[in-house]
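> Here is a sequence together with a model predicted from it:
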Amino acid sequence: MPLAIRCSQLTKTYPGKPPVEAVRGVDLAVDEGECFGVLGPNGAGKTTTIEILEGLLAPTSGDVEVLGLRWEEKPQEIRQQIGVSLQETQLSEKLSVLETLTLFRSFYRQGIDPRDAMARVALQEKAKAWVKTLSGGQKQRLAVATALVGDPRLLFLDEPTTGLDPQSRRDLWEIIGDCRRQGRTVLLTTHYMEEAERLCDRVAIVDRGKVIALGSPAELIAGLGGEHVVEFSLEATNNGREESVAAWDDLPGVTGIRREQDRHQLSVTLPHVVIPALLDRLQQKGQRLASLTTRHASLDDVFVKVAGRTIQEAEKQEA
Amino acid sequence: MNPSQHTPVRLPWLPLWQLVLARLREFCREPAAIFWVYVFPILTMLTLGIAFRNKPVEQITVLVQEGPQAQALLAALTNDAEGRFRAKIVDDETARRQLRIGKSDLVISAPSSEEPAYHYYFDPTKPGGVLARNAADDVLQRAAGRKDLVVTHVHEVSEPGGRYIDFLVPGLLGVGIMGGGLWGVGFAIVDMRIRKLLKRFLATPMRRSHFLAAVMISRLLFTIPEIVFLLVCARWFFGVVNHGSYLAVGLVILMGTIEFAGIGLLVASRAKTLETVSGLMNLVMLPMWMASGIFFSYERFPEEVQSVIRYLPLTPLIDALRAIMLEGATLASLWLPLLIITIYGMASFVLALRWFRWN
Ligand SMILES: Nc1ncnc2c1ncn2[C@@H]1O[C@H](COP(=O)(O)OP(=O)(O)OP(=O)(O)O)[C@@H](O)[C@H]1O
Ligand SMILES: [Mg+2]
C-alpha cells in the first residue's frame, strides 16, 4: 500500500535557554486511507510533529515525505492535496461561515463547493452567521470545513476536539469518520485515549518527543496481557497496615498490577477467575472492600504501562 | 477525491479578489475603525478650523493695575475705534499671575503723582506680547493727544488659500494616510499573526504575494473614500479649494498610501504582540506628528533641524500636497519630494518582504 506520510528520525529542538528538545527521533509511516492517531500528554511534541509534516515548521533533522513528495521540492503540490486544522487558529470573527469557506476554497485549484463543505460539518443554518457568534464546537467544525473545502487526500487535525463538550465531540467524531469512509487519510492528534480508540485504525503514543508505542488500539491493548482491568480499594484497616502491591500478584490469572493512591488495578484476561480468588484472599486477611469495578482495558492503561505514569501525572509534570 | 465533486475555479473564487473582499468586509464591520478613519479627521478639522478661524478683529487681553488713574486708562483702551482690547482692572498680584500663565498679553500700570510714566509689562518672547504693547501704546499716545503725521489707508486681504484651514487640510490628508497605512496594515497583520491566521493561510496553497497584494489593494480602497470625504467636508464647511489639479493630488495620495502601507508592513514584519507593534508604530509616527508640518510649518524649527525633517517620510507628502493645493504646483516641480516618497516606499517593501515572519 502506498504511504501517505513517511518520516524518519525526525527531531526538532527549539533554540532557547535551555533549548527544548520537543521531538527526539520520530519515525512514522501512515498508510493511504487510514486514520492515524498521534496520542500523548500535553507537551509530548504532537503539535511540533504534525506542523513539521504540514510543512509549517522546519525539522532540526530527519526526513519527511508527504503523499510521496518532499516539502523542499514540491511545497505547492503538497499544499494542494492536504487539508489542515491547526490546534489554535482564530478565524476572522467578522466574516460569516460561508464567506470564510469561500475564501479558503479560492486558494485551491480543485475542491468542493463551500456550501457542500458547510453541509458536511452541519453548519448550513449558520451560513450567514459571523464566526464570532459560533459556539466552540461550531468553530471547531468550521475549522475542519476549511480543511475539507480543498477536497484533500490527506487531512491533518491537531486536537480537533480538545475543550469541547461530549456532544460536540461526538459530532466531530462523526465528521472525521465520514472523511475516512470517503477514502481520505486522516492524521489527528489528541490527548484523549478514548477518542483515539474510537476513531483510529492505528495510533502512535508519544511521550517526551518519542514514540513509545505503535499499533492498532486492539493490538496495543492486547499487548497489556489482559483486556480487562479489575480495580478495587480497601477500607482502612484497624491496625493501619497498608498492603503492598506484591500481596496480589500471585492471584491466578493476574498479568499486571499497579497501584494508584488507594486503588489497586489488576490486568486480567479472565475476570470471572480472578474476582472469586481476590474475594477469598480478602476473606482470609480479614479485609473489606471499599469498591470493586471491572472494565475493559483502554489505551490509558497502555500509556501507563509504556510510560510508567498516567496521562494526568504526565501532564502535571509538564505543567 | 470524487472527481464529480470537482468544480472548476469560478471567477468569484479568484484568491486575490477573495482576500481583498475579506479585508473590506472586516473593515466595514468594525465600527471603531470607521470612526477613527472617517470621523476623527473630520472632527479634528472642524475643531481646529473653528478654533483658528480668521477672527475679524484680534482681541488683545490687557490688565490694568489698580491705582488712581486706572479708570481713565481703562476707558482709553475700551474706547479704541477698532475695539481690539479686552481690558479690566485687577490688583498687582492677579495681574502678575495672569501674565505669567499667559492669560493676559500685557499688564499696564497707570501714571500717578509719584510716577508720571506708563509701565508696560509683557513677555517679549510671545508674539502676542509685543503686539499688545504696540497697539496699547499707540492708543494711549493718541488719547494723550499725539497726532499722526502721514495719512494711511488700510486694505484687508483674506482670500481662500491663505487661511489656517487651507494650510491644515493637506496636513490632515497626510496624517490620515500615515495613520491608515501604519495602523491599517501593521496592526491588521500582527493581529492575524497572533491569531495564527497567517500560519493557517500558509498551510494552504495561497500565494504569499496574493496575500500581501490584497493588504495593499484594500488599503488603497479604504483611502479613497477617506480622502474624498475629508476634501468634500473641507469644501463645505470652510470653502477650501484645490488650486492645482485633482489628478496630481490623487497621484501624490496614491504614492503616499503605498509608502505608508510599506512602512506599516515593515513595522509589522516581525512583531509578535500588539504591544510591540503599537510601540513601534508610535515610535515611527511621533517624530512626524510633531515635526512634519501637519499643524504648523516646520520652518519654525532651526535650519539644521529642518534639513532632517525634510527627509522624514511624511514631510515630502504633506509638502507636495500643500504645494499642489495651495499654490497649484505641477508634479514636475515636485520631483524631489516625490522621489523621497518613492524611495521610502520601495525600500520598506523590499525590507519587509525579506524580514516578514509568517508564524
Ligand atoms: N515555539 C516554541 N519555542 C520553544 N519551545 C516550544 C515551542 N513550541 C513548543 N515548544 C515546547 O516543545 C514541547 C512540545 O510542544 P508541543 O506543542 O509540540 O506539544 P503538544 O504535544 O502539542 O502539547 P499539547 O497537547 O499541549 O498541544 C513543549 O515542551 C513546548 O513547551
Ligand atoms: Mg499541541
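Alright, I've got the coordinates. Numbering: from 1, shown residues only, chains lettered A, B, ... in the order given. Ligands and ions are numbered 1, 2, ... in the order given.

> Following the chain past the stretch of helix or strand residue A:116 belongs to, name the next helix or strand.
Assigning secondary structure by DSSP states H and E places residue A:116 in helix A:114-120. Next helix or strand after helix A:114-120 toward the C-terminus (DSSP H and E): helix A:136-148.

> That following helix packs against which elements?
strand A:82-85, helix A:97-106, helix A:114-120, strand A:154-158, helix A:166-181 (3 or more C-beta pairs under 8 Å, 6 or more residues apart in numbering or on different chains; DSSP states H and E). Where C-beta positions appear, they are placed from N, C-alpha and C, glycine not excepted.

> so what does the last one touch, helix or strand wise?
Spelled out, it's helix A:166-181. Counting contacts by 3+ C-beta pairs under 8 Å, 6+ apart, helix A:166-181 is packed against helix A:136-148, strand A:185-190, helix A:193-199.

> Direction included, what does the shortest one pair up with?
The partner list of strand A:185-190 in its sheet, established with DSSP bridges, is strand A:35-39 (parallel), strand A:154-158 (parallel).

> Let me know the angle separating that strand from helix A:166-181.
The directions of strand A:185-190 and helix A:166-181 differ by 150 degrees, with axes from the mean of the first three to the mean of the last three C-alpha atoms, to 10 degrees as the criterion.

> could I have strand A:185-190 exported to CSV, CA atoms only?
The C-alpha trace of strand A:185-190 is given here as CSV (Å, rounded to 0.1, in the frame of the first residue of the first chain):
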residue,chain,number,x,y,z
THR,A,185,-6.2,9.7,5.0
VAL,A,186,-6.6,11.4,8.4
LEU,A,187,-3.8,12.2,10.8
LEU,A,188,-5.1,13.5,14.1
THR,A,189,-3.6,14.3,17.4
THR,A,190,-5.4,14.0,20.7
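
> what's next to it, contact-wise?
Surrounding strand A:185-190, the residues in contact under the criterion C-beta atoms under 8 Å, 6 or more residues apart in numbering or on different chains are A:4-5, A:30-40, A:46-47, A:49-50, A:53, A:87, A:153-162, A:176, A:179-180, A:196, A:199-200.

> what about it, near ligand 1?
No - contact check for strand A:185-190 against ligand 1, using C-beta under 6 Å from any ligand atom: none in range, with a minimum separation of 6.5 Å.

> near ligand 2 at all, that strand?
No - residues of strand A:185-190 are not located near ligand 2 by C-beta under 5 Å from the ion, the shortest gap being 6.3 Å.

> State the mean pLDDT of that strand.
In this model, strand A:185-190 carries a mean pLDDT of 96.

> tell me which residues in that strand are buried?
Residues of strand A:185-190 classed as buried under the neighbour-count rule (16 or more other C-beta atoms under 10 Å in any protein chain shown) are A:185-190.

> and the single nearest residue of chain B relative to ligand 2, what are its phi and psi?
Ligand 2 sits closest to residue B:196 of chain B, with a gap of 12.1 Å, by C-beta to the ion. Backbone torsions for residue B:196, taken as degrees, to the nearest 10, come to phi 60, psi 20.

> nearest spatial neighbour of it, skipping sequence neighbours?
Using C-beta to C-beta, 6 or more residues apart in numbering or on different chains and skipping the chain neighbours, the partner closest in space to residue B:196 is residue A:89 (4.6 Å).

> Roughly how far does that neighbour sit from residue B:145?
As judged by C-beta to C-beta, to the nearest Å, residue A:89 and residue B:145 stand 87 Å apart.

> Those two: which is more packed in?
Relative neighbour count places residue A:89 above the other of residue A:89 and residue B:145, with 19 against 6, counting by other C-beta atoms under 10 Å in any protein chain shown.

> Going by length in residues, pull out the top helix of chain B.
For chain B, the helix that runs over the most residues, judged by DSSP state H, is helix B:208-238.

> Looking at that helix now, give me its mean pLDDT.
90.

> Stretch A:37-53 too?
For stretch A:37-53, the mean confidence score works out to 95.

> is it anywhere near ligand 1?
Yes - applying C-beta under 6 Å from any ligand atom, one finds that stretch A:37-53 is in contact with ligand 1 at A:40, A:42-48.

> tally of neighbours for residue B:90?
A total of 17 residues lie near residue B:90 under the criterion other C-beta under 10 Å.

> surely it meets residue B:62?
No - under the criterion of C-beta atoms under 8 Å, residue B:90 is not in contact with residue B:62, lying 10.5 Å apart.

> Now for these two: what residues contact both?
Joint contacts of residue B:90 and residue B:62 (C-beta under 8 Å, 6+ apart) do not exist.
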